[in-house]
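Chemist: Sequence plus the predicted model coming up.
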Amino acid sequence: MALDSNFLWGGAVAANQCEGAYREDGKGLSVADVLTAGDAHTKRRLTDGILEGEYYPSHIAIDFYHRYKEDIRLFAEMGFKCFRTSIAWSRIFPEGDEASPNPAGIRFYHNLFDECHKYGIEPVVTISHYEMPYGLVKKYGAWRDRRLVDLFERYCRVIFTEYKGKVKYWMTFNEINAIEFGPWNPAGLDIRPEENRTQVIYQAAHHQFVASAKAVLLGHEIDPENQIGCMTLFGVVYPETCHPLDAKAADDMMSTMLAFADVQARGEYPARLLNKLERAGVQITKAPGDDTLLRRGTVDYIGFSYYMSMVQAGRPTEAGTAQGNVVAGVKNPYLPSSEWGWQVDPMGLRLTMRLLYERYQKPLFIVENGLGAVDTVEPDGSINDDYRIDYLREHIKAFKAAVEEDGIPLMGYTPWGCIDLVSAGTGEMKKRYGFIYVDRDNAGNGTLERRRKKSFDWYKKVIATNGEDL
Ligand code: BG6
C-alpha cells in the first residue's frame, strides 16, 4: 500500500501561537494571553491577568491575524493539501459564556477558510488548542466545572454550523492527555496547593471527555461529512533496560498517556486507569447518561503529535534526563538530541503508529512532528536549515514504511509550525520549526517579514512527488 493520492500533506499551527491581535475585533483574553515568555532554562510564568511591564508573546505572535493571506499563499506555493489551525474560542465567545457569539470572530475564520479553499487547501481545525477564554477560568475555575461542557457545546454548535461545507476535518482538544503533566494549557487549571491535584485533573478530564463526545455527535448531526478526531500526545516509551521493573515503568507511562485516547476512541475508561484512580482515592462525579455519551461519541480518527520517543526506568538510574514537550524521561544514549534536549527518533514514529493502529484500528493522522531549532539568516538572506530537512526526511521515511510495509492507514502529515511561531513550551521565537522564517525575536523585536528557508523548496518537492523524492 503506497501513500494515497489524496494524502493530506500540509502543516500545522495553533491560533494562540500565531494570530496575535489578542484584543482585536472583540476577542477576549485567553489562557495563553497571560503566559509570559521563558526560555530553555526559564519557565514561562502565569500572571493574574495582564500585568504592566511583562512581555506576553501571544499578544502579537507572528501577526497571522493580519497576514494570513500572505502566509496561505506561501503554503499554497509549497503545494499544501491541508492546513491545520485552531479556532480561538475567545474570538467566538470572548468571555466564554455569552448568549450569542461575536460576529467579527466568526467572520475572521470564514475569511481564513475561504482563503484556504481558494488554493484547494483543506482546513483541519482543532476546536481547542491550548486556548480557552480566560473568563471561564476566573468565573468557573475552567474545566473543573461541569458547566463548561454546555458552554463548549454552544461554541461547537456555532462553529459546526457556520463552517459547514468549509471545514470537514476537526479535532476536539489538542493533546488532551497533556492535562496529566501540565494542566494550564489544555484545561485552564491552576491547581491550588490545598487541592488534590489528581482529583482536579481527572474530574476536569472527565468533563472534557464528555464535551468531546458531545462534539462528535453534534458535528456528525450537523454535517455527516464531518470527520472528527481526537488529538493525543504520544511517543512510544522504551524501558531503560530489559529489567522487568524498567519494562513495567515504560508500560505504565504508555498506559497513562494512552488512557485519554482509550476513552475517546473506545468509548470507555480503561480498567487500569479506573483502578489507579480508585487506589489514589479519586472519585469522578459523572452525570447520568455520561457513560452512554462516551460510548456513542467515539472519534473517527486518531490525530496525534509525535516529536520523540521516551525512556522510563523502574529503578534508580544514572542516565540523566531527556526533555520533552510535556513529559520528560530518561536520556536515551542511542539518540541525538535537539538544542532543547528533545531526542530524535524516526523509528519511534513507526513504532508509535503500529501501537496506535493496533490498539484503536482507526485511521491515523500525524498532526504534529518537527524539529525546534535555531536558524541563522546568512548575509545573502538564505536560511540553510539542512538539520530540519534531515529530521523531516527521516520521519517521512518512517511513516511511509509504516504505511507501505505495515499496512497502517494514514490520512496525512502536518509538520508543526510550518511557519515560525511562538513556542508553547518556552514562549520563545528562537525555537523555530518552520519552512518559512519570520523576522521576530524572543523579546518581540523584528519586522515580521516572511522568508523562505531551504526546507521550503525541499518540502515543495516532497509534496509534488507524493513523498517519493525525499
Ligand atoms: C505540542 C503542542 O505539544 O508541541 C504545540 O501541541 C507546541 O502547541 C508543540 O508548540 C511544540 O512544542 P514547543 O514547546 O516547542 O512549542
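Modeler: Looks like it arrived, so ask away. Remember, it's a predicted structure, so these values are computed and weren't measured experimentally.
Chemist: tell me the mean pLDDT for stretch 412-426?
Modeler: In this model, stretch 412-426 has a mean pLDDT of 97.
Chemist: Name the residue of the chain that lies nearest to the ligand.
Modeler: Nearest residue of the chain to the ligand: G425, at 2.5 Å (Cβ to the nearest ligand atom). Heads up, the C-betas are built off the backbone N, CA and C, glycines and all.
Chemist: Could you pick out the residues of the stretch 101-250 of the chain near the ligand for me?
Modeler: Taking Cβ under 6 Å from any ligand atom as the contact definition, the stretch 101-250 of the chain meets the ligand at Y130, N174, E175.
Chemist: which helices and strands does the helix ranked longest in the chain pack with?
Modeler: What stands out as the longest helix in the chain, according to DSSP state H, is helix 197-222. Packed against helix 197-222 by the contact rule (3 or more Cβ pairs under 8 Å, 6 or more residues apart in numbering; DSSP states H and E) you find helix 147-162, strand 169-173, helix 184-187, strand 227-233, helix 244-266, helix 290-296.
Chemist: Next, name the residue at the spatial heart of this structure.
Modeler: N174 (4.3 Å; Cα atoms, centre = their mean).
Chemist: my guess is that residue contacts H129, does it?
Modeler: Yes. Counting by Cβ atoms under 8 Å, N174 touches H129, with 3.9 Å between them.
Chemist: Overlap in contacts, these two.
Modeler: Shared contacts of N174 and H129, defined by Cβ atoms under 8 Å, 6 or more residues apart in numbering, comprise A14, S86.
Chemist: Would you map the strands across the stretch 301-450 of the chain?
Modeler: 301-305, 310-312, 321-322, 329-330, 364-368, 410-413, 436-438, 450-452 (DSSP state E, counting those that start in this stretch).
Chemist: and the gap between the residue of the chain closest to the ligand and R84?
Modeler: 19 Å (Cβ to Cβ, to the nearest Å).
Chemist: Could you do D375 as well?
Modeler: Taken as Cβ to Cβ, the span from D375 to R84 is 22 Å.
Chemist: Compare these two (neighbour count), which wins?
Modeler: Between D375 and R84, counting by other Cβ atoms under 10 Å, R84 is the more crowded of the two (29 against 20).
Chemist: Wait, a strand at that one?
Modeler: Yes. Under DSSP: H, G, I helix; E, B strand; the rest coil, R84 sits within a strand.
Chemist: which residues pair with it across the strands?
Modeler: Beta-bridge pairing for R84 (DSSP bridges): A12, V124.
Chemist: Surely it touches E122?
Modeler: No. Using Cβ under 8 Å, R84 makes no contact with E122, being 9.7 Å away.
Chemist: what touches both of the two?
Modeler: Here R84 and E122 share the contacting residues G10, scored by Cβ under 8 Å, 6+ apart.
Chemist: Do you have the helices of this structure handy? List them.
Modeler: Taking DSSP H to define them, one finds helices in the chain at 15-18, 64-78, 89-92, 103-118, 134-140, 147-162, 184-187, 197-222, 244-266, 271-279, 290-296, 346-360, 386-404, 454-464.
Chemist: Can I get these in CSV including mean pLDDT and distance to C418?
Modeler: What follows is the helices of the chain, written out as CSV (pLDDT from 0 to 100; distance: least, Cβ to Cβ, whole Å):
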stretch, mean pLDDT, distance to C418
helix 15-18, 98, 10
helix 64-78, 98, 7
helix 89-92, 98, 21
helix 103-118, 98, 13
helix 134-140, 98, 27
helix 147-162, 98, 22
helix 184-187, 95, 20
helix 197-222, 98, 25
helix 244-266, 97, 24
helix 271-279, 97, 34
helix 290-296, 98, 34
helix 346-360, 98, 18
helix 386-404, 98, 11
helix 454-464, 98, 8
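Chemist: okay, the ones you listed in CSV with mean neighbour count next?
Modeler: Below are those laid out as CSV (neighbours: other Cβ atoms under 10 Å):
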stretch, mean neighbour count
helix 15-18, 27
helix 64-78, 18
helix 89-92, 28
helix 103-118, 17
helix 134-140, 19
helix 147-162, 20
helix 184-187, 25
helix 197-222, 22
helix 244-266, 19
helix 271-279, 13
helix 290-296, 16
helix 346-360, 20
helix 386-404, 19
helix 454-464, 19
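Chemist: Dump those helices into CSV; add distance to E368 as well.
Modeler: Output for these, formatted as CSV (distance: least, Cβ to Cβ, whole Å):
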stretch, distance to E368
helix 15-18, 12
helix 64-78, 16
helix 89-92, 20
helix 103-118, 19
helix 134-140, 24
helix 147-162, 21
helix 184-187, 14
helix 197-222, 18
helix 244-266, 15
helix 271-279, 24
helix 290-296, 25
helix 346-360, 11
helix 386-404, 11
helix 454-464, 15
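Chemist: Can you say which of those is nearest to S58?
Modeler: S58 lies closest, by Cβ to Cβ, to one member of these: helix 15-18, at 5.1 Å.
Chemist: other SSEs contacting the closest one?
Modeler: Judged by 3+ Cβ pairs under 8 Å, 6+ apart, the packing partners of helix 15-18 are strand 82-86.
Chemist: Hmm, V216 and E153 touching each other?
Modeler: No. Between E153 and V216 there is no contact under Cβ under 8 Å: 11.3 Å.
Chemist: Figure out which of the helices and strands packed on helix 197-222 is closest to D71.
Modeler: Closest among the helices and strands packed on helix 197-222, using Cβ to Cβ: strand 169-173, at 19.3 Å.
Chemist: pLDDT score assigned to N325?
Modeler: 69.
Chemist: same deal with V377?
Modeler: Reported pLDDT for V377: 98.
Chemist: Please report the distance of the closest residue to it other than its chain neighbours from P270.
Modeler: What sits nearest to V377 in space, not counting adjacent residues and going by Cβ to Cβ, 6 or more residues apart in numbering, is I383, at 5.6 Å. As judged by Cβ to Cβ, I383 and P270 stand 45 Å apart.
Chemist: dump the residue contacts of the residue nearest to T232 when sequence neighbours are not counted.
Modeler: Distances taken as Cβ to Cβ, 6+ apart place A261 nearest to T232, at 4.3 Å, with adjacent residues excluded. By Cβ under 8 Å, 6+ apart, the residues touching A261 are I176, N177, C230, T232, F234, I302, F304, L356, Y360.
Chemist: Among these, which one sits closest to Y163?
Modeler: Using Cβ to Cβ, those come closest to Y163 at C230, 19.5 Å.
Chemist: Would you mind measuring from the closest one to A215?
Modeler: 11 Å.
Chemist: Need the residues touching each of these two.
Modeler: Between them, C230 and A215 share the contacting residues T172, judged by Cβ under 8 Å, 6+ apart.
Chemist: quick one: contacts for W170?
Modeler: V124, V125, T126, I127, A215, G219, N226, Q227, I228, G229.
Chemist: now do 10 Å
Modeler: Contacts for W170 were tallied using Cβ atoms under 10 Å, 6 or more residues apart in numbering; they are 87, 123-127, 156, 159-160, 163, 215-216, 219, 226-229, 231, 299-300, 303.
Chemist: Restrict those residues to the buried ones and give me that as a PyMOL selection.
Modeler: To isolate the buried members of those in PyMOL, using 16 or more other Cβ atoms under 10 Å:
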select buried, resi 87+123+124+125+126+127+156+159+160+163+215+216+219+226+227+228+229+231+299+300+303
